[in-house]
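Trainee: Got a predicted structure plus its sequence, pasted below:
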Amino acid sequence: MKRVLVLNQDFSPLTVCSVERAFLLLFLCKADMVHDAPGKVLRTVSTQFPMPSVIRLQKYIYSPFKSVVLSRQNIFKRDGQKCQYCGSPKRLTLDHVMPKSRGGKSTWQNLVTACHNCNSNKGDKTPEEAGMRISNKPFKPSYIMFVRNFSGFTSEQWLKYLSIN
């Protein structure tokens, strides 16, 4: 599915949406097209329109705090849809690095993607106690990093809006 970067009125990145949603915002004059997808068009019965890649909203949307929501799918995206212990992409679950039974919290820094086998083998131990190594240290991605790296980013045109200054 093709994705479109949505910019606020001040050209700051706001979110990512589907091409269909972006086209609707353009059609209703709620957004302007900043960049189209080179060589791609949306066709109707009687006409065609350039496919959007980056759009900018007409009105400023106040967004006081941009943060990536802690969810199962977002942990999987951060970890590349693979087990952080063995690298398997099959039968994925979430694992608490410091087990909940020992005071571990459900936070970005304490959750990793694990396959069912590794999660069972680790059990109620820390990775060190279980003799297992985590391939990537768990971290909380910034909003810009998440949009750029984990949201289906496909367009070079997005880069200048998603650079971290």
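Mentor: That came in fine, so what should we check first? Residues are numbered from 1 along each chain as shown.

Trainee: For stretch 49-68, list the C-alpha coordinates in CSV.
Mentor: Output of stretch 49-68 as CSV, limited to C-alpha atoms (Å, rounded to 0.1, in the frame of the first residue of the first chain):
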residue,chain,number,x,y,z
PHE,A,49,-4.7,13.0,-11.2
PRO,A,50,-1.1,13.0,-10.0
MET,A,51,-0.6,10.5,-7.1
PRO,A,52,0.4,12.4,-4.0
SER,A,53,3.6,11.6,-2.1
VAL,A,54,3.7,14.6,0.3
ILE,A,55,0.8,16.9,1.2
ARG,A,56,0.5,19.9,3.4
LEU,A,57,-2.6,20.8,5.4
GLN,A,58,-4.3,24.1,4.8
LYS,A,59,-4.9,24.7,8.5
TYR,A,60,-2.5,24.3,11.3
ILE,A,61,-3.2,21.3,13.5
TYR,A,62,-2.1,21.8,17.1
SER,A,63,-0.2,18.7,18.3
PRO,A,64,1.2,19.4,21.7
PHE,A,65,3.2,16.2,22.1
LYS,A,66,4.2,13.8,19.3
SER,A,67,5.0,10.4,20.7
VAL,A,68,5.0,6.9,19.4
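
Trainee: avg pLDDT for it?
Mentor: Averaging pLDDT along stretch 49-68 yields 89.

Trainee: cool, stretch 19-34 as well?
Mentor: Taken as a whole, stretch 19-34 has an average pLDDT of 96.

Trainee: For it, measure first residue to last.
Mentor: Using C-alpha to C-alpha, to the nearest Å, the end-to-end distance of stretch 19-34 comes to 14 Å.
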